[in-house]
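Q: I'd like to go over a predicted model; first the sequence, then the structure.
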Amino acid sequence: MSDKSNTGIDRRDLLIASIATVGASAALAVSARTASAQEAAAPAARAASGTVYTGDVIDGKKVVSALDVDDLEPGQKHLLYFQGAQMPTGQHWNVSVTVAKGAKPGKRGVLTSGVHGDEMSNIHTVQTVMNQLDPAQMSGTVMAVTDVARPAIESMQRRWPNQGRGIDLIDMNREWPGNENGATAPSRHAGLLFNRLLRPNADFAIDFHTGTTGFEVTAFNIGGMDVPEVKAMLELYPVGQIFDNHVYPGVLHNAFMDVGIPSFTPEIGAARILDLEMISLFVEGTMNVLKHYGIVGGAMGRTAKDVNVFIGNSAFPILATQGGIVEHLVKLNDKVEPGQKVAIQRNSFGEVVAEYTSGVAGEVTGQRSDAMSEPGNPLVFILFHKAALEGVESYPE
């Protein structure tokens, strides 16, 4: 039987909406909160004005269900677990939290990674930054959450394997700011983290990513340069490309932006590997950001002024029209012109079945790394400048 009603409404979507409505009603009865993600964020943030310890200890690290970094001892590093959404067994997806609390007061920065489970260089970048910090010499606080989507990381796959209606893979970077009473575990997990951990402790935030499995990207940053504080941070990285765009609703850095916290997303090469050369660029840039906010001292490292940075506001996608083996004719960061051939595709006989050309002038920012492709797969993304932006832009996360 079709899942579509006569009016074209997907029954599964209707079921989700019904579940969310029931959850909201229950939440209203119990706690007088609204289940709307936008409306729930403010009271949840206020609730997180004090740290709440659950009483659990995992590997010597205390577990919290809400955190206020002001409650922590200054001049020290604190290793905690934050209690996220429940598993089907009733246990919790606990995420790792490292807080470097400066000896003196100052700005509060939040660094996140692991929103997608197949991304490793971003985790290593955040860990490396945190290992360089000496709280005794700091003014302010840096909090790192390195494994946001724990179940996705456990299987090193991009999406959260939700169990609600049979296996359903959910992209957690379309769920923010989440909903503590939502219809899926990822939505609830996002709501808990955003309301009780991330938002209450951030004066600025950086959400680190890489390309996805089968698709590698250059070293580049994504953010809206029309926001002066974001522009200032983006220009502190010695990387070759900036994607000047606010991109999709539901991504974590936009959830921060929506509540007035300046934020952006670095993209650090390919998934499932550690690209140490790229990582070093983003560590240097992030330390520059911390110096910019006065959290750490010292001279600035290299910035965008020291590299030939290319700024574009749109990503032109080239999609496969055939199945077969893909041969790239250009490399990441190469400049291309309209009509330039960028890839060819061969079938099982070795015959060329498709040739792909650029429709814009720009720079290659992403390429399919899996050698084979079926129709519809992205093969190349080209960063370029579009005179007038329309709607939501794609990008090769």
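A: Right, received. Where do you want to start? Numbers count the residues shown, from 1 in each chain.
Q: okay, P396: pLDDT?
A: pLDDT for P396: 71.
Q: run the chain-centre distance for stretch 245-256.
A: From the chain centre to the centre of stretch 245-256 is a distance of 9 Å (C-alpha atoms, centre = their mean, to the nearest Å).
Q: that stretch: end-to-end distance?
A: By C-alpha to C-alpha, to the nearest Å, the extent of stretch 245-256 from end to end equals 15 Å.
Q: contacting residues around it?
A: 112, 115, 148, 173-177, 194, 198-199, 202, 205-207, 222-224, 257, 262-265, 313-315, 389, 392-393, 395 (C-beta atoms under 8 Å, 6 or more residues apart in numbering). Just so you know, the C-beta spots here come from the backbone N, C-alpha and C atoms, and that holds for glycine as well.
Q: mind running it again at 6 Å?
A: Residues from elsewhere that reach stretch 245-256 (C-beta atoms under 6 Å, 6 or more residues apart in numbering): 115, 173-174, 176-177, 205, 207, 224, 263-265, 313, 392-393, 395.
Q: likewise for stretch 119-134?
A: By C-beta under 6 Å, 6+ apart, stretch 119-134 touches 98, 100, 111, 113-114, 144, 146, 208-210, 268-269, 271, 274-275, 279, 282-283, 286.
Q: over to stretch 388-397?
A: H209, F215, V217, N245, V247, Y248, S314, A315, P317, G366, F381.
Q: sorry, back to before: among the contacts of stretch 119-134, which lie within helices?
A: With helices defined by DSSP state H, the entries of the contacts of stretch 119-134 inside them are I279, F282, V283, T286.
Q: where do the helices of the stretch 1-150 of the chain begin and end?
A: Along the stretch 1-150 of the chain, the stretches classed as helices by DSSP state H, counting those that start in this stretch are 11-31, 37-47, 121-132, 150-154.
Q: still on that earlier bit, just the buried residues out of the ones in helices among the contacts of stretch 119-134, in ChimeraX syntax.
A: Buried subset of the ones in helices among the contacts of stretch 119-134, written as a ChimeraX selection, criterion 16 or more other C-beta atoms under 10 Å:
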select :279,282,283,286
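Q: in a markdown table: the ones in helices among the contacts of stretch 119-134, plus distance to D168 and pLDDT.
A: Shown next, in a markdown table, are the ones in helices among the contacts of stretch 119-134 (distance: C-beta to C-beta, whole Å; pLDDT from 0 to 100):
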| residue | distance to D168 | pLDDT |
| --- | --- | --- |
| I279 | 32 | 98 |
| F282 | 32 | 98 |
| V283 | 36 | 98 |
| T286 | 34 | 99 |
